[in-house]
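> Sequence first, predicted coordinates after that:
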Amino acid sequence: WFGGGKLRVHLDIQVGDHAIDYQDVANKEKLSELQLRVRQLLDQVEQIQKEQNYQRYREERFRQTSESTNQRVLYWALAQTVVLLVTGFWQMRHLKGFFEAKKLV
């Protein structure tokens, strides 16, 4: 593809608060230092709110997963108990019939 040479790719992505160049914003909108700082703080507050909403969403999903898993574990334990009781009952009946056939009881 590339003639056997090395290919080097550099990718620099900025997201969130770091993606905004506030000096450029200040120059375009003719903002004072105080107005620029207020804009930065408002953007930070908005970013924090987004992060909190995302964490609430993740917590809700985790809780749903935990409750679902807990319910499945409960059903599995109940199913094991039922199988154990049925097997025990069947073994007792089988052994009783065996001993009655051998005339030991």
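Everything's here; your move.

> Report pLDDT for the closest residue to I20 other than its chain neighbours.
Distances taken as Cβ to Cβ, 6 or more residues apart in numbering put D43 closest to I20, at 6.6 Å, once the chain neighbours are dropped. The C-beta positions use only the backbone N, C-alpha and C, and glycine is treated the same way. pLDDT for D43: 88.

> helices or strands next to the helix or strand hosting D43 in the packing?
Taking DSSP states H and E as the criterion, D43 maps to helix 33-101. Judged by 3 or more Cβ pairs under 8 Å, 6 or more residues apart in numbering; DSSP states H and E, the packing partners of helix 33-101 are helix 22-29.

> So for the helix it packs on, what gets flagged as buried?
Neighbour-count burial for helix 22-29 flags A26 (criterion: 16 or more other Cβ atoms under 10 Å).

> again with stretch 33-45
Neighbour-count burial for stretch 33-45 flags L36, R39 (criterion: 16+ other Cβ under 10 Å).

> starting at the chain centroid, how far to stretch 41-58?
In terms of Cα atoms, centre = their mean, to the nearest Å, the centre of stretch 41-58 is found 18 Å from the chain centre.

> Next: stretch 57-76.
11 Å.

> Tell me where this protein is predicted with low confidence.
Scanning the chain for pLDDT under 70 picks out 1-4, 14-19, 105.

> residue nearest the centroid of it?
F62 (5.2 Å; Cα atoms, centre = their mean).

> Quick check: it vs Y75, distance?
Distance, F62 to Y75, by Cβ to Cβ, to the nearest Å: 21 Å.

> Please apply the same query to E29.
According to Cβ to Cβ, E29 stands 61 Å off from Y75.

> same question, I13
Taking Cβ to Cβ, one finds I13 at 46 Å from Y75.
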